[in-house]
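1. build the 3D model from these lines:
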Amino acid sequence: MKPKLKVFEDFSKALLPHEAKYLQNLGNFQEEEKQQIFQILIQNALQPEQEINFNIEFDKRKYHHIKTWAEKKLQFQDVDLVAEWLLDLSKKLALDLITSEEEKTLIAYLKNYKNITFNFQIFYQLMRDYRSYLLIRMRYDDHIIVSEFLENYKKIDERAKEIEGKLYQATIEITDQFTKTSETSIYWEKWLKKVFEAENINGNNRYKAFILLAFMYNTTGNLKQLQTIFDQIDEFFSQGKLYCRRLLYNYYSSRVLLHSKQRNYETAIYYGKLSIRQRNEDTLMYVNNLVSIYLRLQQYKEALALLESYNSIYEKTHNSLQRLIYISYNLRALNELNLSKKAENIGIYFLQKYESEIFKLRWHHFFTSYLNVLFKNENYAAILNLEKKFGLKALEIGRRKSSDYVPNLSWLITTASFLENKISKEQFMEILKDSLASVTRNDNNSFLLQENADLLAKNLPELKILFKSYLT
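-> Numbers count the residues shown, from 1 in each chain. All right, here's what the predicted structure looks like:
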């Protein structure tokens, strides 16, 4: 038999924390039982670890009322639903399919338009198209209303387009810093903060500025500023601004990175699980972010299980970067779970198929995982062949400016050379000592240093003393 409250309980479990915070500010039901239902709904969304059961004795219609009320409130704020509506009208205008009822709704929306909304640029373009549509039909009264709007908001539209163009340029330079380890683009910071905090700005540009700031602060390790902008945007979401589930999932995934940097891993997992509730084009990125936390906590079974459950999305993705990260994490999880032979086969296939993409994007990320697999399988000859073919040690030197720099590939290749009798023990130890002495230990690379030291020591236990003298 179907549980009496299954539909409502499913709705309750799907409610996101910031949706609950927004609804909490609106809900004030006079009827005691409805208010009790509402309070439990909010409590369970905000504190799922302390879940309270709903009273099945209450009239089912009261649950239906609360659910309908909440859905309408959220739909009214949903910027994606508004965008879909505006774009649909734009299409109908172009095809002369717009109805009189739809026009009445659009004119009413226009007359009540006061604040700059998230989708302002879409709306402004629609009004430009609509003005021509009205004029050719000699509908002068409505034409005047639309023309006045276009004139009043002309400068705001021009500014929005200018900001949009600069945001694109900022994106090019900031992501270039990430993929090519180029010089920092921190000079964009001041302008992006100004855009993010501006009052009279469309939400779409505001959120893009936030994403770029978060990306920049993550890359540079500026946790203080990262926390600041998260606190700011958290308030926007709690007020129902910038709201739609697509943005919330993106935001939750960004919080995974924040709390990971803060070493608050349980909170990172909490937000990671929230981020993967919905499947879309960004889901693989969200999965990779969560998997990175499981790997950091040495929860390899959880990491592999999560990766395998999203394998179908990996196979269909067109995002080369996330595909590369997914495979790199997969190799690592398999390797840690003593499935290194399987991992080696996957690594060989991926390298043969995506060699150019690997070197264009995150070659060091992939080869770190792949060489670790080969090292565990004692396939030292394969490691040396890869070094001969790609010059990995020379490439790694170019990463020295990175805050998380660890010459792990160089260590693996040098160790492989010694174990294949290509260099003497004295040469081997001298190279390692020089390499260790050149590395500056900091908060960003400390964990990686120890992790790689432990890996090498598994095959050469005598290295424990050497690494201990440098890493303690």
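2. all strands of this structure, in order?
-> In the chain, no segments count as strands under DSSP state E.
3. in it, which residue sits furthest out from the middle?
-> Within the chain, residue 138 marks the point farthest from the mean C-alpha position, 48.9 Å out by C-alpha atoms, centre = their mean.
4. got phi/psi on it?
-> Dihedral pair for residue 138: phi 60, psi 40, per degrees, to the nearest 10.
5. could you measure from it over to residue 98?
-> In this structure, residue 138 and residue 98 are 17 Å apart, going by C-beta to C-beta, to the nearest Å. For the C-beta atoms, the positions are set from N, CA and C on the backbone; glycine is no exception.
6. please apply the same query to residue 411.
-> Using C-beta to C-beta, residue 411 is found at 66 Å from residue 98.
7. higher neighbour count, those two?
-> Legend: neighbour count by other C-beta atoms under 10 Å for residue 411 and residue 98, higher for residue 411 (24 against 18).
8. quick one, what contacts the more buried one?
-> Residue 411 makes contacts with 432, 435, 452, 456, as judged by C-beta atoms under 8 Å, 6 or more residues apart in numbering.
9. how much space separates the nearest residue to the second one once chain neighbours are set aside from residue 201?
-> By that I understand residue 435. Excluding the flanking residues, the one nearest residue 435 by C-beta to C-beta, 6 or more residues apart in numbering is residue 407, at 5.3 Å. Counting by C-beta to C-beta, the gap from residue 407 to residue 201 is 45 Å.
10. now do residue 77
-> For residue 77 relative to residue 201 (C-beta to C-beta), the value is 18 Å.
11. and the lengthiest helix in the chain, what does it pack against?
-> Identified as the longest helix of the chain according to DSSP state H is helix 154-180. Secondary-structure packing of helix 154-180 (3 or more C-beta pairs under 8 Å, 6 or more residues apart in numbering; DSSP states H and E): helix 120-136, helix 189-197, helix 203-220.
12. of those, flag the one that's most buried.
-> Ranked by mean neighbour count, the helices and strands packed on helix 154-180 are led by helix 203-220 with a mean of 21 (mean count of other C-beta atoms under 10 Å).
13. got the angle for that helix vs helix 189-197?
-> Angle, helix 203-220 to helix 189-197, by axes from the mean of the first three to the mean of the last three C-alpha atoms, to 10 degrees: 140 degrees.
14. what packs against helix 203-220?
-> Secondary-structure packing of helix 203-220 (3+ C-beta pairs under 8 Å, 6+ apart): helix 120-136, helix 154-180, helix 189-197, helix 223-238, helix 245-261.
15. in this protein, where is pLDDT below threshold?
-> 1-3, 177-186, 403, 444, 469-472 (pLDDT under 70).
16. domain map for it?
-> 6-77, 79-100+118-152, 378-472 (automatic domain parsing).
17. which one of those domains lies nearest to residue 267?
-> domain 6-77 (12.0 Å; C-beta to C-beta).
18. quick check: buried residues in stretch 398-411?
-> 405-411 (16 or more other C-beta atoms under 10 Å).
19. ok, stretch 379-396 next?
-> For stretch 379-396, by 16+ other C-beta under 10 Å, it's 379-380, 382-384, 386-387, 390, 392, 395-396.
20. what's the answer for stretch 254-274, then?
-> Taking 16+ other C-beta under 10 Å as the criterion, stretch 254-274 shows 254-261, 265, 268-272, 274 as buried.
21. ok, residues contacting it?
-> 16-17, 211, 214, 218, 221, 223, 226-227, 230, 249, 252-253, 275, 286, 289-290, 292-294, 296-297.
22. PyMOL command to pick out the buried ones of the residues you listed?
-> Here is the PyMOL selection string for the buried members of the contacts of stretch 254-274, based on 16+ other C-beta under 10 Å:
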select buried, resi 16+17+211+214+218+226+230+249+252+253+275+286+289+290+292+293+294
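23. what is the nearest of the buried residues of stretch 398-411 to residue 239?
-> Nearest member of these to residue 239, counting by C-beta to C-beta, is residue 405, at 41.3 Å.
24. leaving out the residues flanking it, which one is nearest to the closest one?
-> Residue 405 sits nearest to residue 399 (C-beta to C-beta, 6+ apart), 5.4 Å away.
25. check contacts around residue 279.
-> Contacts of residue 279 by C-beta under 8 Å, 6+ apart are residue 313.
26. what about it, distance to residue 324?
-> From residue 279 to residue 324 the distance is 20 Å (C-beta to C-beta).
27. cool, and residue 236?
-> 33 Å.
28. now swap in residue 416 and tell me
-> From residue 416 to residue 324 the distance is 23 Å (C-beta to C-beta).
29. and the buried residues of stretch 254-274, which two are furthest apart?
-> Pairwise distances across the buried residues of stretch 254-274 (C-beta to C-beta) peak at 18.0 Å, for the pair 261 and 274.
30. what's the burial count for the residue nearest to residue 358 when sequence neighbours are not counted?
-> Sequence neighbours aside, residue 366 is the residue nearest to residue 358 in space, at 5.1 Å (criterion: C-beta to C-beta, 6+ apart). Residues lying near residue 366 (other C-beta under 10 Å) number 23.
31. from what I see, residue 366 and residue 329 are in contact.
-> No - Residue 366 is beyond contact range of residue 329, at 10.3 Å (criterion: C-beta atoms under 8 Å).
32. before we move on, the earlier item: against residue 367, how distant is the residue nearest to residue 405?
-> As judged by C-beta to C-beta, residue 399 and residue 367 stand 12 Å apart.
33. picking up where we left off before, which residues sit in contact with the residue farthest from the centre of the chain?
-> Applying C-beta under 8 Å, 6+ apart to residue 138 gives no contacts.
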